[in-house]
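Participant: how does the following fold in three dimensions:
(one chain, ligands or ions: 1)
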Amino acid sequence: MVDFVGAGPGAPDLITVRGRELIEAADCIIYAGSLVNPALLDHAGEGCLIYDSAKMHLEEVIGVMERMEAQGRNTVRLHTGDPSLYGAVREQMDALRERGIAFRICPGVSSFCGAAAALEAEYTLPEVSQSVIITRMEGRTAVPDREKLHLLAEHGATMILFLSCGMAEQVQQELLRGAYKPETPCAIVYKATWEDEKVIRGTVGELCKLAADNGIAGTALIVVGDVLGDDYGLSKLYDRHFTTAYRKGEPSDDDKKIS
Ligand code: SAH
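Facilitator: Numbering: from 1, shown residues only. Predicted coordinates:
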């Protein structure tokens with residue numbers, strides 16, 4: 001059995017209970033050493049084999065899983081954040097399927113959620129944005145034409161850019177080709193939830209300068225949108241006059257005048 005486990009964004013106590021129990025029970029752990037907090041490996045049992053996948057290619061990773069499986073031992077594949085985002089897990093799952101090796105997935109707290117906590121932000125604010133676009137600047141991995149950054153930027157929705165801080169200049173240009181303005185708020189969150197977390201706030205017009213001045217190139221997210229600003233509408237859900245399936249709204253002053 002192979003368990004793909006989301007390690008969370010960095011702080012070692014932000015892994016799920018299930019994820020920690022899987023680590024404790026693992027015969028072998030293959031972790032993404034470039035981003036996963038090594039403190040999580042302290043939960044591993046004695047004799048657990050540990051591999052850093054940053055130094056391995058796909059066939060080597062699958063090879064370890066195959067050897068463990070042949071010995072009747074289980075492997076935890078520890079990925080940063082949640083495995084479903086930029087985790088390169090699909091190719092591993094398909095390789096395991098081809099070999100008849102069973103696997104499961106344990107979700108994790110993605111770094112974009114860690115960044116929201118660091119920013120004390122709500123990504124979906126009434127009357128501001130009700131959508132979150134998770135994307136990246138094109139790098140060595142191509143982005144499909146229809147998802148080019150300036151096209152996604154046309155929505156002006158809340159946007160989270162992974163893997164893009166090293167290309168802040170292009171990011172800034174592409175965002176400004178869309179609906180964002182130079183004064184639209186943005187933030188760079190470096191190592192969200194780690195002890196050396198850094199939050200840098202500014203505007204889209206100064207994004208590139210913010211990254212350069214603070215020497216940020218990796219392990220950071222760019223968050224863009226008016227949800228980082230001051231204006232928004234109040235929710236209907238907690239409006240005292242609004243009736244939901246769980247709560248009857250109070251009559252408004254207008255209703256009282258009529259009755
Ligand atoms: N699966 C991961 C993302 C892996 S891609 C997740 O759900 O978070 C790696 C990229 O994620 C990094 O280049 C960076 O953009 C972002 N990232 C990962 N951990 C981060 C953290 N703690 N703070 C800020 N960005 C982070």
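
Participant: isn't Arg240 right up against Glu250?
Facilitator: Yes: in this structure, Arg240 sits in contact with Glu250. The criterion is C-beta atoms under 8 Å, and the distance is 5.1 Å. Using the backbone N, CA and C atoms, a C-beta is placed for each residue, glycine as well.

Participant: please say which of the two ends up with more neighbours.
Facilitator: Of the pair Arg240 and Glu250, Glu250 is the one with more neighbours under other C-beta atoms under 10 Å, namely 13 against 9.

Participant: who are the contact partners of the more buried one?
Facilitator: Contacts were defined as C-beta atoms under 8 Å, 6 or more residues apart in numbering; by that measure Glu250 touches Arg240, His241.

Participant: average pLDDT for stretch 143-162, rounded please.
Facilitator: Stretch 143-162 shows an average pLDDT of 97 in the prediction.

Participant: could I get the full set of strands for the stretch 1-150 of the chain?
Facilitator: All strands of the stretch 1-150 of the chain, identified by DSSP state E, counting those that start in this stretch, fall at 2-6, 28-31, 49-52, 75-79, 103-106, 132-136.

Participant: cool, and the stretch 151-259 of the chain?
Facilitator: Under the criterion DSSP E, counting those that start in this stretch, the stretch 151-259 of the chain carries strands at the ranges 158-162, 185-190, 198-203, 220-224.

Participant: turn those into JSON lines, including mean neighbour count.
Facilitator: Conversion of those to JSON lines gives the following (neighbours: other C-beta atoms under 10 Å):
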{"stretch": "strand 158-162", "mean neighbour count": "24"}
{"stretch": "strand 185-190", "mean neighbour count": "23"}
{"stretch": "strand 198-203", "mean neighbour count": "16"}
{"stretch": "strand 220-224", "mean neighbour count": "26"}
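
Participant: of those, which is nearest Leu49?
Facilitator: The minimum distance between Leu49 and those falls on strand 158-162, with 29.9 Å, by C-beta to C-beta.
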